[in-house]
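> any chance you can model this:
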Amino acid sequence: MNKAAIDAFFQRLSDADPEPKGELDYTNPYTLLVAVALSAQATDIGVNKATKKLFQIVETPQDMLDLGEEALISHIKTIGLYRGKAKNVMAAAKILVEKHNGIVPNDQDALEELPGVGRKTANVVRNIAWGEHTMAVDTHIFRLGNRTGMANGKTVLAVEKGLMKKVPSRFMTHAHHWLILHGRYICKARKPRCGDCIVNDLCNFKDKTPAGA
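Purely as a prediction, here's the structure:
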């Protein structure tokens, strides 16, 4: 995709959904961090069900430490890999209290030092909580970057760097959400809804699904 096509791509997504929102429920940067960490290999719907009651009693890292690991497990046991995630959440809460005064840092390296927090999670938190121009590449964005020709790459990092370079700055605040939602509901892995796609004509995908198929 050339520069003009990419600009038009995001302009159309912006016109259709000016203020896109993620589908994870949270109340502040800390609960956002917890929700994103729990969402690995889980659905947003499943995470929201598990955190509905949890986030009524936990708002800060200290709240999490006061709750304790076993009580946390009782809230999140419906989520895959819950025991490992619980250990990481508790360890991260301890570090946040001891090193960051209980405040989630808006710093990539500091976030990635937390147990259970990788590059993608840190990017998500910084983008949603503070509007930073980051690009968290999940399976949907990885597929979409390659399929459209916007950012070809064999690795997540390669696609991230490609998108960071090519997405116009004025769209970067919401680009992550637009791409995830488009990949989740329109540009699906197995049977993309090309006939319903508002950027169909801009996309370089050669095997477009015929309308009505």
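> skip the chain neighbours and tell me the closest residue to the residue nearest the centre of the chain.
Relative to the mean C-alpha position of the chain, the nearest C-alpha, by CA atoms, centre = their mean, is the one of residue 124, at 4.8 Å. With sequence-adjacent residues excluded and distances taken as CB to CB, 6 or more residues apart in numbering, residue 124 is closest to residue 136, at 4.3 Å. Heads up, the C-betas are built off the backbone N, CA and C, glycines and all.
> cool, and residue 10?
Spatial nearest neighbour of residue 10, chain neighbours left out: residue 171 (4.1 Å); criterion: CB to CB, 6+ apart.
> from residue 191, how far out is residue 37?
Per CB to CB, to the nearest Å, residue 37 is found 31 Å from residue 191.
> the more surrounded of those two?
Set residue 37 next to residue 191 and count neighbours by other CB atoms under 10 Å: residue 37 wins out with 21 against 8.
> tell me the contacts of that one?
The contact partners of residue 37, by CB atoms under 8 Å, 6 or more residues apart in numbering, come to 85, 88, 89, 92, 116, 117, 121.
> ok, those residues vs residue 16, which is closest?
Taking CB to CB as the measure, residue 16 sits nearest to residue 121 out of those, at 27.3 Å.
> so which strand or helix has the residue nearest to the closest one when sequence neighbours are not counted?
Closest residue in space to residue 121, ignoring its immediate chain neighbours: residue 36 at 4.9 Å, by CB to CB, 6+ apart. In the assignment (DSSP states H and E), residue 36 maps to helix 29-38.
> also residue 56?
Going by DSSP H and E, residue 56 is in helix 44-57.
> which strands or helices does that helix pack on?
helix 29-38, helix 69-76 (3 or more CB pairs under 8 Å, 6 or more residues apart in numbering; DSSP states H and E).
> now the very next helix or strand once past the shortest one: buried residues?
So that's helix 69-76. Per DSSP H and E, helix 69-76 leads on to helix 82-100 as the next helix or strand towards the C-terminus. Buried residues in helix 82-100, counted by 16 or more other CB atoms under 10 Å: 82, 85, 86, 88, 89, 90, 92, 93, 94, 96, 97.
> tilt between helix 82-100 and helix 29-38?
Using axes from the mean of the first three to the mean of the last three CA atoms, to 10 degrees, the inter-axis angle of helix 82-100 relative to helix 29-38 is 150 degrees.
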